[in-house]
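Please work out how this folds:
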Amino acid sequence: GVMGMADRGVLRPGLVADIAIFDPGTITDRATYVDPHQYSEGMKYVLVNGILAIDEGDFTGELPGEMVKRY
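Have a look, this model is predicted:
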């Protein structure tokens with residue numbers, strides 16, 4: 001597993017999954033040194049712990065992430 005965690009790194013029912021779906025032709029970072037807190041563009045869908053966090057490029061309001069500690 002990833003970082004020594006057996007439930008990461010593979011898409012399989014019952015395991016933890018973070019998935020990002022994007023178009024490599026349209027994804028771009030908008031952050032600059034002057035204005036660093038800008039979201040990137042081009043992310044279509046992001047699932048964190050199996051919960052949809054970005055849907056059609058829009059933030060869903062879900063915050064399913066959790067801190068990962070190395071075992």
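
For stretch 40-58, the averaged confidence score.
Summarised as a single mean, pLDDT over stretch 40-58 is 91.

Figure out how far that stretch is from the centre of its chain.
7 Å (Cα atoms, centre = their mean, to the nearest Å).

which residues sit against that stretch?
16-23, 26-31, 59-60, 62-66 (Cβ atoms under 8 Å, 6 or more residues apart in numbering). All C-beta atoms are positioned from the backbone trio N, CA, C, and that covers glycine.

and with 6 Å instead?
16-23, 26-29, 60, 62, 64-65 (Cβ atoms under 6 Å, 6 or more residues apart in numbering).

Strands along this protein, start to end?
19-22, 43-48, 51-55, 58-59 (DSSP state E).

would JSON lines of these with distance to residue 37 and mean neighbour count be doable?
Output for the strands of the chain, formatted as JSON lines (distance: least, Cβ to Cβ, whole Å; neighbours: other Cβ atoms under 10 Å):
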{"stretch": "strand 19-22", "distance to residue 37": "20", "mean neighbour count": "12"}
{"stretch": "strand 43-48", "distance to residue 37": "16", "mean neighbour count": "17"}
{"stretch": "strand 51-55", "distance to residue 37": "17", "mean neighbour count": "16"}
{"stretch": "strand 58-59", "distance to residue 37": "14", "mean neighbour count": "10"}
